[in-house]
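1. Here is the input, now give the coordinates:
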Amino acid sequence: MIRLRHIVIAALPSLFAGHASARMVDRPVSWTFEGTRYDSVLVYDDATTARRPALLMVPAWFGVNANAIRKAEGVAGQRYVVLLTDMYGATIRPKDTAGARDAVAPLLSDRPMMRRRAAFALTQLRTLASQAPIDTTRLAAIGYCFGGAAVLDLARSGADIAAVVAFHGNLSTDDPALAHAIRARVLVMNGADDTTTSPQFDAFLTEMRGSPAPWQFLAIGHAVHCFTEKEATAATGLCRYDAQADAWSSMMMRAWLDESFSAH
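-> Numbers count the residues shown, from 1 in each chain. Reported below is the predicted structural model:
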């Protein structure tokens, strides 16, 4: 279990050793919201002090763990500051599929609560600009699997950010009319053969037709669920990493973010 013990950005603890390159910073950040403490991680390359866009990143349903930190580092590079966001609370760190399912269930069944948590995390990202090289005029949110649902709900809340990008995410909503409130440019990428989310495709497209914001939905051929998750190593199955789909979707994300930051 990863325990992030600092209330504010502090010195890098030894538990992150081995996860960072010489110039990549993984800093624990904590906050309390509605009586619960959340332990997140701020990730960026400190080789340059130049301010850069910042991404609120919600990981897949295993939450903030070593794999998610490595993924955040890969996303950040020298392009972005990434706030890897705890959506469960500091005491909840799933170790297996059953635990992950239990962790996401309260949020997927109470979407207003999920939107509140995501929105508060975004406020924390803004405040971190005094301590990290964040350009607060260029903010976006990205999410994977469950995290895709979280950032889409952040968009549905009307968040004032440039873009939202969801990878193989849950597309459901408690209120399709919320699409009218979306201000961010929305890019959604799911596997065309993703049996977990494909039943939601038609409803999501109908929902997004009601949004005034620019949006794209891309079905990636032959990809299934979890196509960006390197830990999903099964040769076959419903949840499987796809290196080509991962690389292509990452490229699409960067292009979408560049265009969105220019337009925002």
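
2. Please make it C-alpha for all contacts and neighbour counts, starting now.
-> OK.

3. Now for Phe201, how many residues are close by?
-> For Phe201, the count of nearby residues is 17 (other Cα atoms under 10 Å).

4. Assign it to helix, strand or coil.
-> Under DSSP: H, G, I helix; E, B strand; the rest coil, the three-state class of Phe201 is helix.

5. Remind me which helix or strand the residue lying closest to it once chain neighbours are set aside belongs to.
-> For Phe201, ignoring the flanking residues on the chain, the nearest one in space by Cα to Cα, 6 or more residues apart in numbering is Leu171 at 7.4 Å. Remark: Leu171 resides in no helix or strand, with elements defined by DSSP states H and E.

6. In contact with Leu171, which residues?
-> Leu171 sits next to 148-149, 152, 197, 200-201, 204 when contact means Cα atoms under 8 Å, 6 or more residues apart in numbering.

7. For ChimeraX, what selects the buried ones among the residues you listed?
-> Remark: buried members of the contacts of Leu171, expressed as a ChimeraX selection using 16 or more other Cα atoms under 10 Å:
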select :148,149,152,197,201,204
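
8. Make JSON lines out of the contacts of Leu171 and add pLDDT and secondary structure.
-> Below are the contacts of Leu171 laid out as JSON lines (pLDDT from 0 to 100; DSSP: H, G, I helix; E, B strand; the rest coil):
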{"residue": "Gly148", "pLDDT": "98", "secondary structure": "helix"}
{"residue": "Ala149", "pLDDT": "98", "secondary structure": "helix"}
{"residue": "Leu152", "pLDDT": "98", "secondary structure": "helix"}
{"residue": "Thr197", "pLDDT": "97", "secondary structure": "coil"}
{"residue": "Gln200", "pLDDT": "98", "secondary structure": "helix"}
{"residue": "Phe201", "pLDDT": "98", "secondary structure": "helix"}
{"residue": "Phe204", "pLDDT": "98", "secondary structure": "helix"}
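
9. From Glu73, how far off is Tyr241?
-> Distance from Tyr241 to Glu73, counting by Cα to Cα, to the nearest Å: 18 Å.

10. so where does Glu73 fall, helix or strand?
-> For Glu73, the host element (DSSP H and E) is helix 66-76.

11. Tell me the helices and strands packed up against the helix or strand following that helix.
-> Moving toward the C-terminus from helix 66-76, the next helix or strand (DSSP H and E) is strand 81-84. Contacts defined by 3 or more Cα pairs under 8 Å, 6 or more residues apart in numbering; DSSP states H and E place strand 81-84 against strand 36-45, strand 52-58, helix 66-76.

12. Flag every buried residue along the longest one.
-> By neighbour count with 16+ other Cα under 10 Å, helix 66-76 contains the buried residues 67-73, 75-76.

13. tell me what that helix is packed against?
-> Partner elements for helix 66-76 (3+ Cα pairs under 8 Å, 6+ apart): strand 36-45, strand 81-84.
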